[in-house]
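Participant: only geometry, no sequence info:
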């Protein structure tokens, strides 16, 4: 069938090529971690309260596992946005994560190994011919330890076709009543209390069929999306240098209105900020949201991924860890929406080498209307009484 001039020939030459990209200039500070927890609406005191953290198994504030993506300059999606396709925009289609044990500590430095993995073309209701491309980012600390690996899926599509089809344009923003907002805040407190009650104890006696407590996030606003954006270190002026090596991230075929102006940024850094100018401005500026097929301000795929990782880590507690997560994103978080995360343990597998178990958890993210925003399965290492996690 015709592909409406969706030419991927320039993408082909980037597959399997080791890529360059940004590198943080300075070691991670404790307030970088605190800002991340705050931006991701995750009041887990292990990540911001030095007194609570000092009494933990770690003895000090540590970063949540979700923080890895904050050490990258493109939400880990850069490798999945290689090759130029004129007139396109991109949305996050999901993330697969593998975690290998080392935790992220204050003072750590990171380098990244990046590569476009593969892509496929398909027809979507949203924008017709659409490319789903996957790229890998491996996160390596200054000790040479591989902390984790991220395989990010980028949805690249023709913005003009998305506007014509207008799949999301009929979605109107909900006006919440004071009573409804009160009930949401009550539900948030109940969720927060669920992991505060666990405290520094081990989560024992996990069973198949166990349901995780519901986590509400939102209702989302332009303020909350801006706060999330400012939690990412990539947005701090001068925070990143460049490691060298090839990359076509900034020549991907962005619409002129959604491109960064790196020359202008030498005078005014906001011209390469991404939110004021550039590909992320549609998240908080309705005019540009509608330019790329969204009805109004919408959330970040990287934040959705972080909400899920934090959700799993908060449930298992400080003696466990997320080992693997594979989530597909289906629809965005829009301003006015409430996001709800739910999980259920579907399997338990013993690990003879550790004396522990891996719990498979099916996670579903929905909005207040019941629309599925994200879904997938994760493996979480749960602690044992005899042999706690290393």
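Facilitator: That came through fine. Since this is a predicted model, take the numbers as computed values, not measurements.
Participant: First-to-last residue distance for stretch 166-184?
Facilitator: In stretch 166-184, first residue to last residue: 30 Å (Cα to Cα, to the nearest Å).
Participant: That one: how far from the chain's middle?
Facilitator: Counting by Cα atoms, centre = their mean, to the nearest Å, stretch 166-184 is centred 23 Å from the centre of its parent chain.
Participant: Now do residue 72 against residue 236, distance only.
Facilitator: 13 Å (Cβ to Cβ, to the nearest Å). All C-beta spots, glycine's among them, are computed from the backbone N, C-alpha and C.
Participant: typed the wrong thing, it's residue 175
Facilitator: In terms of Cβ to Cβ, residue 175 sits 35 Å off from residue 236.
Participant: which of the two has more neighbours?
Facilitator: residue 236 (15 against 8; other Cβ atoms under 10 Å).
Participant: Contacts only, for the more buried one.
Facilitator: The contact partners of residue 236, by Cβ atoms under 8 Å, 6 or more residues apart in numbering, come to none.
Participant: Quick check: phi and psi on it?
Facilitator: Dihedral pair for residue 236: phi -80, psi 130, per degrees, to the nearest 10.
Participant: So which residue is smack in the middle of this structure?
Facilitator: Central residue of the chain (Cα atoms, centre = their mean): residue 302, 2.2 Å from the mean position.
Participant: The strand or helix carrying that residue packs against which elements?
Facilitator: Assigned by DSSP states H and E, residue 302 falls within helix 301-316. With contacts taken as 3 or more Cβ pairs under 8 Å, 6 or more residues apart in numbering; DSSP states H and E, helix 301-316 sits against strand 88-99, helix 178-198, strand 211-217, strand 321-329, strand 339-351, strand 356-367, strand 372-382.
Participant: Buried ones in the next helix or strand after the third one, by neighbour count?
Facilitator: From strand 211-217 onward toward the C-terminus, using DSSP H and E, the following helix or strand is helix 222-231. Of all the residues in helix 222-231, those buried under the rule 16 or more other Cβ atoms under 10 Å are 224-225, 228-229, 231.
Participant: residues in contact with the closest residue to residue 106 other than its chain neighbours?
Facilitator: In space, and not counting its chain neighbours, residue 106 is closest to residue 30: 4.9 Å by Cβ to Cβ, 6 or more residues apart in numbering. Neighbouring residues of residue 30 by Cβ under 8 Å, 6+ apart: 50, 61, 106.
Participant: What separation is there between the residue nearest to the centre of the chain and residue 228?
Facilitator: Residue 302 is 9 Å from residue 228, by Cβ to Cβ.
Participant: Could I get the average pLDDT for stretch 284-294?
Facilitator: Mean pLDDT, computed over stretch 284-294, is 92.
Participant: should've said stretch 136-150
Facilitator: 97.
Participant: First-to-last residue distance for it?
Facilitator: 6 Å.
Participant: Check stretch 60-78 too.
Facilitator: Termini of stretch 60-78 sit 32 Å apart (Cα to Cα).
Participant: Give me the below-cutoff pLDDT ranges for the stretch 251-390 of the chain.
Facilitator: For the stretch 251-390 of the chain, the stretches with pLDDT under 70 are 386-390.
Participant: how about the strands of the stretch 51-200 of the chain, start to end?
Facilitator: Under the criterion DSSP state E, counting those that start in this stretch, the stretch 51-200 of the chain contains strands at 88-99, 110-124, 128-141, 146-158.
Participant: isn't residue 333 right next to residue 368, touching?
Facilitator: No - look at residue 333 against residue 368 with Cβ atoms under 8 Å: they stay out of range, at 10.9 Å.
Participant: Mind checking which of the two has more residues around it?
Facilitator: For residue 333 versus residue 368, the count of surrounding residues by other Cβ under 10 Å is larger for residue 333: 28 against 17.
Participant: Contact partners for the nearest residue to the more buried one once chain neighbours are set aside?
Facilitator: Using Cβ to Cβ, 6+ apart and skipping residues adjacent in sequence, the residue nearest residue 333 is residue 299, 3.5 Å away. Contact partners of residue 299, counting by Cβ under 8 Å, 6+ apart, are 220, 225, 228, 283, 332-334.
Participant: try residue 279
Facilitator: 89-90, 254, 258-260.
Participant: Name the member of these with the most neighbours.
Facilitator: Counting neighbours by other Cβ under 10 Å, the top entry in these is residue 89, with 25 neighbours.
Participant: hang on, that one packs against residue 160?
Facilitator: No - under the criterion of Cβ under 8 Å, residue 89 is not in contact with residue 160, lying 9.9 Å apart.
Participant: Can you get me a residue count around residue 170?
Facilitator: Residues contacting residue 170 under the criterion other Cβ under 10 Å number 7.
Participant: State the distance from the nearest residue to it once chain neighbours are set aside to residue 302.
Facilitator: In space, and not counting its chain neighbours, residue 170 is closest to residue 295: 7.7 Å by Cβ to Cβ, 6+ apart. Distance check for residue 295 against residue 302: by Cβ to Cβ, it reads 21 Å.
Participant: List only buried entries from the contacts of residue 30.
Facilitator: For these, a burial check counting by 16+ other Cβ under 10 Å picks out residue 61.
Participant: and the contacts of residue 30 as CSV, adding distance to residue 168?
Facilitator: Shown next, in CSV, are the contacts of residue 30 (distance: Cβ to Cβ, whole Å):
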residue, distance to residue 168
50, 43
61, 39
106, 41
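Participant: Alright, I will stop here.
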